[in-house]
Structure formats: structure tokens, C-alpha cells
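**Student:** sequence and predicted structure below; questions after.
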Amino acid sequence: MSIKVQEVSKQYGKQKALDNISFEIQQGEVVGFLGPNGAGKSTMMKIITGYIPQSAGLVEVNGLSIDEHSLEVRKQIGYLPEHNPLYLEMYVKEYLDHVASIYKMSKKKSRINEMIELTGLGLEQNKKIAALSKGYRQRVGIAQALIHDPKVVILDEPTTGLDPNQLVEIRNLIQEIGKEKTVMLSTHIMQEVEACCERALIINKGKLVADKKIENLNSDLSTQIIEVEFASEIDTAVLNTNQAISAINSFGKGRYELSCKDDIRKDIFEMAVKNKWTLLEMKSKTQNLEDLFHELTLK
Ligand code: ADP
């Protein structure tokens, strides 16, 4: 087990930012941590990395309790905090050397070069961090998180504010890192989780509301969407007699979107035949992580 979070709560004064959260992340897993703003993602990540203490509950990293082995745990974790705090006046190489010194690394030089190579910082390595674009600053942040070769990597919104090209590059880098390490990353971008992660944890208002394998997402949704098109408008009151339909959205010219409890395409077809509605098209809309996210966090 790489990360074990057991019944963790965090209180900021009167506000409960995390409410009795439990989950486990296995070694080598790449897990997306999702939730609306203010859900408690950063708080959870700060607790796992030992930056702030939890108010209640247990956290273990690689079998070590963060309360009893705080320093040892920090050696095993690489952390890119939200907003990526960097020393802007330092040069890229100088900064990485500084971070490597903090970890008291023996073969600093070769490791710094490895990190520069991995994160694609070759052309920027002798520049001041202040002179770098946001995408390259993120790479520096990721390089500092990996420099001590941690087993577990925690990335708090690593792609926020990047342009579409930078986004793809950083995503590829995360996938590369995920081949060797346990990765937990928070993000607002659902496609990112679908692209990089095997599993998604969703939190809302400090509570864990989903822990799903990406490949099983569709089967877990409680509502199915069926898109249907008839040659002309139909009497939706007739459609509504089917108990499985919970909502009908009309888009005009005979096009409808039906929210259903089950896949009732066969029923719709039979209804169309019976009522002489000319059916032009019907399909079950594939739902994705975004649908699940809305279903669970708009409450
Ligand atoms: P997220 O990362 O999901 O946006 P955060 O963990 O940053 O959420 O915040 C969760 C809640 O805790 C928010 O309501 C936030 O305002 C509050 N919070 C975070 N840090 C502090 C703090 N240091 N003091 C008081 N409240 C805080």
C-alpha cells in the first residue's frame, strides 16, 4: 500500500474542510483527485505530504505513519503544491541544485541533469525562473518534486493555467512518471483524469463521494441518456407514460434527449411503431467522468 487515509477529518476553526475521509492507493497507481473549488483537495494533499496536521484520523505513506515518521515520509514523497511556489530570482539549474542540497543528495549533478532531460528543460536550464513561461515553470516544479526519486508523487493542479500544447506535454510527462511511481494528482479537467489516471476519487464539501475505476464509469451511473430523432414533433405525453423516463428535453424538429433509469431503446422503438412516429435516429449517449462529477457534486 502506498497511501492509506483512514477516517481523516480537518477542522479550520469552525469550518470542517475534511469530513471522515478514507481511501487507499496501491503502489504504482495513478489516481485523479477531483472536486469543485473548496472541496478540500489541497487540504487532503497537504495532510498526506505532512505540511499540515489532520484534526483526526490516520495517514500512512508506504506503511509509515505521517505523525510518527514525518521526516521519513517526506523523503519518500515528491510534492508539487498548488500555485507552484518557486524562487523566481534563481536560475533553473541553481534552483534544482538548491533542492537537491536540501535532500542531502550525494550524486547531485547527474540527478539534476537527469531531471532536466526528463522534464524537457534542456534549453531553459540556464535561464532565470522568472523568465520562463508558465508551462516551463511547471516543469521546474515537477523536476523539484522528483529530484530525490520519491516513490510517491503528489501533484496539486499541475496543469492549471497551461495552454493546450503545454497541457498535452505536461500530461505526457505525468503519464511517464506514472510508469514508475505512485501518483496522486488533483485537477479540474476531467479529460486529464480519463487520459492519465486509472482511478478517480471525487470529493465534495469535504466528503468522499466516489472512488471509481475509470474503465467502470459508465456502468456506475444511475441515469442513462438516450438521444432520439423523429421525422417530426411527437406527443411527449405518450413518451412520458414509460416509467423509466425521468426527464425529456426537446431540441425542436423532432429531436429529444431522454433521461432514463435503464436502457429503454427497445421500448422507444416499439412505441414509435405503435404510434406511427417515423424514427430517424436513436442512440445511447456515452456518459463520462464529467457527467458523474456533475451528478455527484451539484448537490
Ligand atoms: P480545494 O483544494 O478543493 O479547492 P481547499 O482544501 O483549498 O479546497 O479548501 C477546503 C476548504 O477549507 C475551503 O472552504 C477553504 O476556504 C478552507 N481552507 C483552506 N485552507 C484554510 C486555512 N488555512 N484556514 C481556513 N480555511 C481554510
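**Tutor:** Now that the structure is in, tell me what you want to look at.
**Student:** so how far is the helix or strand encompassing Phe293 from its chain's centroid?
**Tutor:** With elements taken from DSSP states H and E, the one containing Phe293 is helix 289-297. Relative to the centre of its chain, helix 289-297 is centred 13 Å away, using C-alpha atoms, centre = their mean, to the nearest Å.
**Student:** once you drop chain neighbours, what's closest to Ala145?
**Tutor:** Counting by C-beta to C-beta, 6 or more residues apart in numbering, Ala145 lies nearest to Gly78, which is 3.7 Å off, once chain neighbours are set aside. All C-beta spots, glycine's among them, are computed from the backbone N, C-alpha and C.
**Student:** pairing partners for the helix or strand encompassing the one you found, with directions?
**Tutor:** Per DSSP H and E, Gly78 falls inside strand 77-80. Paired neighbours of strand 77-80 in the sheet (DSSP bridges): strand 152-156 (parallel).
**Student:** can you tell me the closest non-neighbouring residue to the spatially most central residue of the chain?
**Tutor:** Central residue of the chain (C-alpha atoms, centre = their mean): Gly32, 3.0 Å from the mean position. In space, and not counting its chain neighbours, Gly32 is closest to Val193: 3.3 Å by C-beta to C-beta, 6+ apart.
**Student:** and the helix or strand hosting the one you found, what does it pack onto?
**Tutor:** Using DSSP H and E, Val193 maps to helix 190-196. If you count contacts as 3 or more C-beta pairs under 8 Å, 6 or more residues apart in numbering; DSSP states H and E, helix 190-196 packs onto strand 30-34, helix 164-178, helix 289-297.
**Student:** list the contacts of that helix.
**Tutor:** Here helix 190-196 makes contact (C-beta atoms under 8 Å, 6 or more residues apart in numbering) with 30, 32, 34, 159, 167, 171, 174-175, 178, 185, 187, 200, 214, 288-290, 293.
**Student:** same thing but at 7 Å, please
**Tutor:** 30, 32, 34, 159, 171, 174-175, 178, 187, 200, 214, 288-290, 293 (C-beta atoms under 7 Å, 6 or more residues apart in numbering).
**Student:** can you tell if the helix or strand following that helix touches the ligand?
**Tutor:** Sequence-wise, the next helix or strand downstream of helix 190-196 (DSSP H and E) is strand 199-204. No: between strand 199-204 and the ligand, judged by C-beta under 6 Å from any ligand atom, nothing touches; the nearest distance is 7.1 Å.
**Student:** now strand 199-204, how far from the centre of its chain.
**Tutor:** Offset of strand 199-204 from its chain centre (C-alpha atoms, centre = their mean): 7 Å.
**Student:** which residues of the protein lie near the ligand?
**Tutor:** Checking the chain against the ligand by C-beta under 6 Å from any ligand atom, the hits are 12, 15, 17, 35, 37-43.
**Student:** return stretch 18-36 as CSV; C-alpha atoms alone will do.
**Tutor:** Output in CSV follows, covering the C-alpha atoms of stretch 18-36 (Å, rounded to 0.1, in the frame of the first residue of the first chain):
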residue,chain,number,x,y,z
LEU,A,18,-12.5,17.3,5.5
ASP,A,19,-15.1,15.0,7.0
ASN,A,20,-14.1,11.4,7.9
ILE,A,21,-12.3,10.6,4.6
SER,A,22,-10.9,7.1,4.0
PHE,A,23,-9.2,5.6,0.9
GLU,A,24,-6.2,3.6,-0.1
ILE,A,25,-3.9,4.0,-3.1
GLN,A,26,-1.8,1.0,-4.2
GLN,A,27,1.8,1.1,-5.2
GLY,A,28,2.1,2.2,-8.9
GLU,A,29,-1.4,3.5,-9.2
VAL,A,30,-2.1,6.9,-10.9
VAL,A,31,-5.1,8.4,-9.2
GLY,A,32,-7.0,11.6,-10.1
PHE,A,33,-8.3,13.6,-7.2
LEU,A,34,-11.4,15.6,-8.2
GLY,A,35,-13.7,18.0,-6.6
PRO,A,36,-15.2,21.5,-7.0
